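A.B. asks: Structure, please.
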Amino acid sequence: MQCDTIPSVSSGLSMNAIKEVRKYLLKKPGSASAKILARLTAAIAEESEFPLRDLYALEGEAFDLAIELMRDWRLDRYYAARIKLFDVVLSEMPVPPPVAAPPPPR
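C.D. replies: As a prediction, the model looks like this:
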């Protein structure tokens, strides 16, 4: 079941899942699914454990949001790792000597 309001990572609209989760939490505060989504969001932000069995208790829309949230988190982690790798590689590269400017024409 795919919710039409949830942007898909493959559609190029990634990184919006957290906004959709926020809307859901505001729309259904106090619901069991909202509480689980809030705990999942906190676990992702804090890089702490989250029991996967709790995902089973989510209603359909909330489950789709949880999956999108985890997709965005995974994509963020991928890009962060790539940036770190580029930083390491670039810091280990020798700096080429400056190129002398050509003499002015006579």
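A.B. asks: can you map out the helices along the chain?
C.D. replies: Taking DSSP state H as the test, the helices found in the chain are 17-27, 32-46, 60-92.
A.B. asks: Now the shortest one: buried residues?
C.D. replies: Within helix 17-27, the residues that qualify as buried are 17-18, 20-21, 24-25, counting by 16 or more other Cβ atoms under 10 Å. In short, each C-beta sits where N, CA and C put it, glycine included.
A.B. asks: now stretch 47-61
C.D. replies: So, applying 16+ other Cβ under 10 Å, buried residues of stretch 47-61: 50, 54-55, 58, 61.
A.B. asks: Filter the residues you listed down to the ones in strands?
C.D. replies: Among these, DSSP state E puts none in strands.
A.B. asks: mind putting the buried residues of helix 17-27 in CSV, pLDDT and distance to residue 35 included?
C.D. replies: Output for the buried residues of helix 17-27, formatted as CSV (pLDDT from 0 to 100; distance: Cβ to Cβ, whole Å):
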residue, pLDDT, distance to residue 35
17, 82, 18
18, 84, 17
20, 87, 17
21, 87, 12
24, 92, 11
25, 91, 9
